[in-house]
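Trainee: Next one to model:
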Amino acid sequence: MPINLTPNAIEAVIGGDVNLKPLLQVLDIKLIGSNQERYRLLLSDSVATQHAMLATQLNERVKSGGVRKGSVVQLVDYICSNVQNRKIIVVLNMETIIPDCEIIGNPKLLSESDSSSRNATSDNNRGNSNSPRVPSSSSAPLNPAYNVQNFRPTVQPPYQAPPPPNYRNHGSIVRNEAPARIIPISALNPYQGRWAIKARITAKGDIRRYNNAKGDGKVFSFDLLDSDGGEIRATCFNAVLDRFYDSIEVGKVYMVSKGSLKPADKKFNHLNNDYEITLETTSAVELCPDEDGSIPKQQFAFRPISEIENAENNSVLDVIGIVTFVNPSVPILRRNGMETQRRILNLKDKSGRNVELTLWGEFCYKEGREMQEILESGFPPVLAVKAGKVNDFSGKSIGTISASQLFINPDIPEARDLREWFDGGGKDATSLSLSRDVMQGSQKNDVRKTVSQIKDEGLGRGEKPDWITVKAIISFIKTDNFCYTACPLMIGDRKCAKKAVQTGNNGWHCDRCNQGFEECDYRFLLQAQIQDHTGLTWVTAFQETGEEILGCSAKELYLLKYEEEDEVKFGKILRRGLFNEVLFKLKIKEELYGDEQRVKITVVKADKVNLSLESRYLLDLISKVSP
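Mentor: Below you'll find the predicted structure:
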């Protein structure tokens, strides 16, 4: 018995019929796209053929062989879009009816002119319920076991779209302005014309400013999660940002429509979606009531801490654990000269491993301080980290990035299970650290070295800087050029701090900001000699570390020397910084000065030695070398 495909289906689908759910045959499959895998199909109704694009969530159907050349399929969910002035069918969902079949009929590619010339007849036939569809007369005989006339399945779509809103009559409506269909986030693709998604905001980024060839601008992004577990990021620029930024709240549910989709930049977007949305002036973001609570508050894909050991460097993952200790927050000087905060803590789970987590920037204040207070109360908190970045420097560790989110004692099954394990004996279970050796209370768990090892081991001569801790004293400080005049202007929430030069009118000017000002700042640029029992070396200390060493500001010292000319007080302050035992956190990197390569050693942190913690560290070293 012959297999009858849905008559005139290609023409009907191209004409806009999205409710037909036709039976079609796959004549050809091609893999296209260099950055992202996409499959192009050639579909046939036995008379006409038309190209179609397969949604990426259906790629596995092709890879597994469930859909191949000759397959008879039923389109369950699909749209027709204009791509480069050509109509193309975008298949969002389909079911395989017959996996393998000979070519049915003698189909030919349907041209745009063929379609338009038959539109009137086709529309009349579809509009008249008494007009029967004309079956295809050119069907090739096939295996009699397949009789589609007696075997026409009704395939239900994987989701039920809610009815469109009931709008009152406010006059004439322009064609194609009917409300867009609500579809799952997983079904979004660049080939759709009108769409809408209903999703919860799970994260909202800060406003960032940028400057490029087109000029200055501002941008922010937010993340969306729907009831099917699909996630996607939406981005707003400039005027669109002004329109939506204040109205978007984390945790609320919104209807989002009329945006453009583009491939997601995986360097910055770590959601499980190949696309991201750019909202435009015509876009809509409307608050919806969260009536049934079907959309989860947040979605995690937790990995046991033990799996982090084999995770790739710079990969992004979710992790949950018990916080066993939290170190104090310390200032860090970034490569761009800006200062930020860093706080180290440790996570432990029941996989038998623990890992170091580094909090950066604002995370150090609110969440970091809260966890420290909870821990000091004797009740170690559970911490869930969404989008933590893996680092493999001196072992494996996790760090926060701009997309990270921290949840302290979250009300989720994984947290309750972890708490039950910890309170039931897990707190006393042995656990192996994936990170460098951790000393509770230390400012940073860097490798302890001696001064002589800096030269003997060639530190700083690799591609990346070396970070070490040295216990030493300052034996000498240069008194000339101990500070410089700096720009006081703000760039974002930080001072520029670049060198400022005096102008003829007793003012100051910054080349970086290209602005003038009446008064400058004074910032330390100390050149000092440190030494321990193995040798000595020169180091440079900037503003914050200079203040830690001398106990005063650069401006105070400058005024004493050059305006008050009080050499006695000036010398007393300098001597105050000498011959004290200090733990120096050093950054060592080889740099080019003129035509010469020199190793530059920068003091990142200078802490007076805590005798209790130092004794604990030395006893730990002794225990490791004792037989």
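Trainee: how many neighbours does residue 606 have?
Mentor: 23 (other C-beta atoms under 10 Å). From N, CA and C alone the C-beta is placed, and that goes for glycine too.
Trainee: Over to residue 409?
Mentor: Around residue 409 there are 17 residues (other C-beta under 10 Å).
Trainee: From what I see, it and residue 415 are in contact.
Mentor: Yes - Residue 409 lies in contact with residue 415 (C-beta atoms under 8 Å); the separation is 6.6 Å.
Trainee: joint contacts of those two?
Mentor: residue 382 (C-beta atoms under 8 Å, 6 or more residues apart in numbering).
Trainee: domains for this protein, by residue range?
Mentor: Split into domains by automatic domain parsing, the chain comes to 9-127, 185-288, 305-433, 447-482+525-618.
Trainee: lowest-confidence stretch among those?
Mentor: Within the domains of the chain, the stretch with the lowest mean pLDDT is domain 9-127, showing a mean of 80.
Trainee: Give me the number of neighbouring residues for residue 429.
Mentor: As a burial measure, residue 429 scores 11 neighbours (other C-beta under 10 Å).
Trainee: and what of the one 4 residues further on?
Mentor: Using other C-beta under 10 Å as the criterion, residue 433 is surrounded by 18 other residues.
Trainee: Look up how far residue 463 lies from it.
Mentor: Plainly put, residue 433 is 26 Å away from residue 463 if you go by C-beta to C-beta, to the nearest Å.
Trainee: Excluding chain neighbours, what is closest to residue 597?
Mentor: Spatial nearest neighbour of residue 597, chain neighbours left out: residue 590 (5.5 Å); criterion: C-beta to C-beta, 6 or more residues apart in numbering.
Trainee: just to confirm, which helix or strand has the one you found in it?
Mentor: Per DSSP states H and E, residue 590 falls inside strand 582-593.
Trainee: What pairs with that strand, parallel or antiparallel?
Mentor: strand 466-477 (antiparallel), strand 596-608 (antiparallel) (DSSP bridges).
Trainee: now what about it, what contacts it?
Mentor: Contacts for strand 582-593 (C-beta under 8 Å, 6+ apart): 443-444, 446, 454, 459-461, 465-474, 530, 539, 549, 597-609, 614.
Trainee: At which residues are the strands of the stretch 401-550 of the chain located?
Mentor: Counting by DSSP state E, counting those that start in this stretch, one finds strands in the stretch 401-550 of the chain at the ranges 432-433, 447-449, 466-477, 483-486, 490-491, 494-495, 501-502, 508-510, 515-517, 521-524, 526-532, 535-541.
Trainee: just to revisit the earlier point, residue 496: which of the domains of the chain is closest?
Mentor: Nearest to residue 496 among the domains of the chain is domain 305-433 (8.5 Å), distances taken as C-beta to C-beta.
Trainee: Could you check how far the closest one is from the centre of its chain?
Mentor: 17 Å (C-alpha atoms, centre = their mean, to the nearest Å).
Trainee: just stretch 23-33 next, same as before
Mentor: What separates the centre of stretch 23-33 from the centre of its chain is 34 Å, taken as C-alpha atoms, centre = their mean.
Trainee: list the buried ones in it?
Mentor: In terms of neighbour count (16 or more other C-beta atoms under 10 Å), stretch 23-33 has its buried residues at 23, 24, 25, 26, 27.
Trainee: Tell me who's in contact with the fourth one.
Mentor: So that's residue 26. 41, 42, 43, 44, 67, 68, 69, 70, 71, 72, 73.
Trainee: what would the domains of the chain look like in a markdown table with distance to residue 495?
Mentor: Formatted as a markdown table, these follow (distance: least, C-beta to C-beta, whole Å):
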| stretch | distance to residue 495 |
| --- | --- |
| domain 9-127 | 41 |
| domain 185-288 | 16 |
| domain 305-433 | 9 |
| domain 447-482+525-618 | 10 |
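Trainee: which stretch among the ones you listed comes nearest residue 507?
Mentor: domain 447-482+525-618 (17.5 Å).
Trainee: Now do the end-to-end distance for that closest one.
Mentor: 14 Å (C-alpha to C-alpha, to the nearest Å).
Trainee: what's the distance between it and the middle of its chain?
Mentor: Distance, stretch centre to chain centre, for domain 447-482+525-618: 37 Å (C-alpha atoms, centre = their mean).
Trainee: which secondary structure elements does the longest helix seen in the chain contact?
Mentor: Across the chain, the longest stretch assigned as helix under DSSP state H is helix 611-625. Helices and strands touching helix 611-625, by 3 or more C-beta pairs under 8 Å, 6 or more residues apart in numbering; DSSP states H and E: there are none.
Trainee: what angle sits between it and strand 466-477?
Mentor: Here helix 611-625 runs at an angle of 130 degrees relative to strand 466-477 (axes from the mean of the first three to the mean of the last three C-alpha atoms, to 10 degrees).
Trainee: I'd like the distance from helix 611-625 to the chain centre, please.
Mentor: 40 Å.
Trainee: OK, contacts around the residue nearest to residue 510 when sequence neighbours are not counted?
Mentor: Using C-beta to C-beta, 6+ apart and skipping residues adjacent in sequence, the residue nearest residue 510 is residue 487, 3.7 Å away. Contacts of residue 487 were listed using C-beta under 8 Å, 6+ apart, and they are 495-500, 508, 510, 512-513, 517, 520-521.
Trainee: go again using 6 Å as the cut-off
Mentor: Contacts for residue 487 (C-beta atoms under 6 Å, 6 or more residues apart in numbering) come out as 496, 498, 500, 510, 513.
Trainee: what about the second one, how many neighbours?
Mentor: Neighbour count for residue 498, taken as other C-beta under 10 Å: 16.
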